[in-house]
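Enquirer: Take this sequence and fold it.
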Amino acid sequence: MFQQILLAADGSKHSIRAAEKAVQLVKNQANSLVEIIYVINGSTSKADVLRNINSHQIEERRREKLKEIINIFTTEGIKHQINFLRGEPGPTVVEYANGKNFDCLVIGSRGLNALQSMVLGSVSHKVAKRVKCPVMIVK
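Expert: Predicted coordinates for the structure are as follows:
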């Protein structure tokens, strides 16, 4: 059914549940791939640089945020790859998803930035309105 899934993740509980749903979508599908994207915005990037000594440590900490998600795919034997992107989360996810041929985008209903989702509307809803492929928003 689904061969190419895009998972937008930030390490939040909702993105972990979204990863579990992505596994269900591709499980037992030959040649399936889940592409995991983690968007680093300007303030996150600046904070990472201020807290860490070198780029290797920054990369390690970003991967650590996705550790549980990576473990889900590894345990299930699902082929996956991780891409770190830079920019504002909503527009960056939309641009990336629309620039490739994904069967579905899976995203958690809320991320780590609770204030932004309450004040401005969640990134997931903004993404769902603008992405061309089907979108699954996971609570």
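
Enquirer: ok, which stretches of the chain are strands?
Expert: 4-8, 33-40, 80-86, 104-108, 135-138 (DSSP state E).

Enquirer: Determine the longest helix present in the chain.
Expert: helix 13-26 (DSSP state H).

Enquirer: Give me the packing partners of that one, helices and strands only.
Expert: Counting contacts by 3 or more CB pairs under 8 Å, 6 or more residues apart in numbering; DSSP states H and E, helix 13-26 is packed against strand 4-8, strand 33-40, helix 67-76, strand 104-108, strand 135-138. (Glycine included, C-beta is placed from N, CA and C.)

Enquirer: Can you name the residues in contact with the last one?
Expert: Spelled out, that is strand 135-138. Applying CB atoms under 8 Å, 6 or more residues apart in numbering, the contact partners of strand 135-138 are 14, 17-18, 21, 25, 104-109, 124-125, 127-128.

Enquirer: Now the buried members of those residues.
Expert: The neighbour-count test (16 or more other CB atoms under 10 Å) marks 14, 18, 21, 25, 104-109, 124, 127-128 as buried among the contacts of strand 135-138.
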